[in-house]
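J.: the sequence and its predicted three-dimensional model are supplied below.
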Amino acid sequence: MRALVCVQSRDERSQIRPYFSKLIPNIVMANSSEELMQHLKSDKVFDLLVLDDSFDAKSPDGEDLSSGASVVEILQEIQAGFTASTDVTTLCLLRSAKLHDDLGTVSVFVDSSPQDREQIYTELGATLFLEKPYNMETLNKRLRDLFEAASSPPPWAQALRQVRHLYTSQKYPEVLAVLEKISTTPLESQHLGFPLLKARCLFKMGEEQLPKAAQVLAQLRERYPTSLTIRMLLMEIYLKLGRLEEAFSEQLSIFATQKTAFNFERTLQLFNDLGTRLQDDTALLKLAHDTFSVLLRDPKPYSRKLRPRIFTALAAQLKQVAGWTGFVELLFGSEDVIESVASELRIALGHLEIDLASAGPEVSKVFQEGHILLLSSFPAEAASIAIATQSLLDKQELDQLDALLKRAESAGAKSLEFYTSLSRYLLKIGNLKEASDVLHKAVRLKADDLRVLELREMWQTQYHARVKPYTST
């Protein structure tokens, strides 16, 4: 008998090795999930497997601690027959749910509960579980259970193993025949793997069997509403049937449950496929809103790298003013990624400006607020300064305008738009001396600009109005 162990801490490795060494001569310790996958995909066959899902945890800043395969992905590889150890008996060590609130940070990330992960791992073939923290007595008992389960598996495990062998040999009619017999015994209710194999067989047997496979999964879903595996199979069926919107909904729910890089990439791919197929800005915006509702369930730092990719994909598909309006509105909840999607925001604002004269007040409002949003990350953006200044002056929001122009000055703004906007604001608050100084800078840039000429006339009017009472006496 051969054992493969992959746990995160050195202390745990030192605790597990002595126990296995007494029982079996062949034990391999893997220090990472990458190393573990190398062993699993070698010619060696392992009978016992210990997996620690602490490798899946995230750091307080939202970064994955490991770039290797997650426990779910490892179990999927085994179950699909992509390793030599398809009959391995698995013990999963479950990290506790943690709240990251380190000194100096305000963001939090709550892991899924050990109970949720235990269900997912069970569906994917894991047999035994041990939740952290544990003591040596509990650990030794669980390792003994693992050894006994591999040496003398229960009847349901033996039956499931035999059916899986038929499935991996692509003997699908035989699998269905065996499962039909098992359905009349108590075995079927002892593990979700039996009805899942039925659905998988129907899925593999051709398009005409896909509706039957979906029916089996729909019935299963009533019994296991949180099952990740059922959703994964349904998503594959909907893809085969060309029902992309339903497939996207399933994939998004999978990503919401299991936020891995693989699941995000698949979600993004479906998003792009749907955009190409639908050619409908309203429908695509709904998909984007649904995706963001998942991404923003956790604090923003944990989706900062992912949200820009959705915005980029969305911008590549939009074609109408309503779509670009919705794009800018969607950005209002993602101010922390403006720098990453600035080019897409500028494109969106450009599309809105083309139709601004004929568009309603709502589009005009979004256009103006979009430019103010752009200035939050690019305070010296010339065109945005001019548009934001006029908007804030019209709304009499002078304090916000004052702060906006100060940020622009601190950022080194020296454009004609900045000088004319600042002059307009200074004239509004009656500061003729500073307005004159700023206007001189605008004159040096372009004396014949209509805005400069207008502001000089305004300055002269205010100046004469102020000095006239004194000269008349």
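T.: On my side now, so go ahead. Residues are numbered from 1 along each chain as shown.

J.: and the closest residue to residue 347 other than its chain neighbours, how far from residue 346?
T.: Leaving aside its sequence neighbours, residue 347 sits nearest to residue 315 (CB to CB, 6 or more residues apart in numbering; 6.3 Å). (C-beta placed from N, C-alpha, C; glycine too.) According to CB to CB, to the nearest Å, residue 315 and residue 346 sit 10 Å apart.

J.: re the thing from before, isn't the residue nearest to residue 347 right next to residue 350, touching?
T.: No: taking contacts as CB atoms under 8 Å, residue 315 lies outside contact range of residue 350: 11.5 Å.

J.: looking at those two, which is more packed in?
T.: residue 315 (18 against 11; other CB atoms under 10 Å).

J.: now the more buried one: how far from residue 44?
T.: From residue 315 to residue 44 the distance is 49 Å (CB to CB).

J.: now swap in residue 185 and tell me
T.: 35 Å.

J.: for residue 357, same thing?
T.: 72 Å.

J.: okay, the two: which has more neighbours?
T.: Per other CB under 10 Å, whichever of residue 357 and residue 44 has more neighbours is residue 44, with 14 against 7.

J.: let's verify the more buried one: helix, strand, or coil?
T.: coil (DSSP: H, G, I helix; E, B strand; the rest coil).

J.: how about residue 2: what's its closest non-neighbour residue?
T.: residue 26 (4.1 Å).

J.: so the one you found touches residue 4, yeah?
T.: No: using CB under 8 Å, residue 26 is not in contact with residue 4, being 9.4 Å away.

J.: which one of the two has more residues nearby?
T.: Counted by other CB under 10 Å, residue 26 and residue 4 do not tie: residue 4 has more neighbours, with 23 against 14.

J.: helix, strand or coil for that one?
T.: With three-state DSSP as the basis, the three-state label of residue 4 is strand.

J.: so what's it closest to, chain neighbours aside?
T.: residue 46 (4.4 Å).

J.: so what's the residue nearest to residue 347 up against?
T.: Counting by CB atoms under 8 Å, 6 or more residues apart in numbering, residue 315 touches 327, 341, 344, 347-348.

J.: measure it to residue 374 for me?
T.: 14 Å.

J.: tell me the centre residue of this protein?
T.: The centroid of the chain falls nearest to residue 295 when counting by CA atoms, centre = their mean (4.8 Å).

J.: how many neighbouring residues does the residue nearest to that residue when sequence neighbours are not counted have?
T.: Using CB to CB, 6+ apart and skipping the chain neighbours, the partner closest in space to residue 295 is residue 303 (4.0 Å). Residues contacting residue 303 under the criterion other CB under 10 Å number 23.

J.: now tell me which helix or strand of the chain has the poorest mean pLDDT.
T.: In the chain, the helix or strand scored least confidently by mean pLDDT, DSSP states H and E is helix 10-23, which has a mean of 75.

J.: enumerate every residue touching residue 130.
T.: 91-94, 138-139, 142.

J.: narrow the residues you listed to those that are buried.
T.: With neighbours counted by 16 or more other CB atoms under 10 Å, the contacts of residue 130 contain buried members at 91-94, 139, 142.

J.: and those residues, which is closest to residue 227?
T.: Of all the buried ones among the contacts of residue 130, residue 227 sits closest to residue 92, with 16.9 Å by CB to CB.

J.: part of a helix, is the closest one?
T.: No: counting by three-state DSSP, residue 92 is located in no helix; its state is strand.

J.: before we move on, the earlier item: specify which member of the buried ones among the contacts of residue 130 is nearest to residue 18.
T.: Closest to residue 18 out of the buried ones among the contacts of residue 130 is residue 139 (11.0 Å), distances taken as CB to CB.

J.: you'd agree the closest one is up against residue 17?
T.: No: Residue 139 lies out of contact with residue 17 (CB under 8 Å); the separation is 11.9 Å.

J.: low-confidence ranges in the chain?
T.: Flagging of the chain using pLDDT under 70 yields the residue ranges 56-67, 80-81, 97-112, 468-473.
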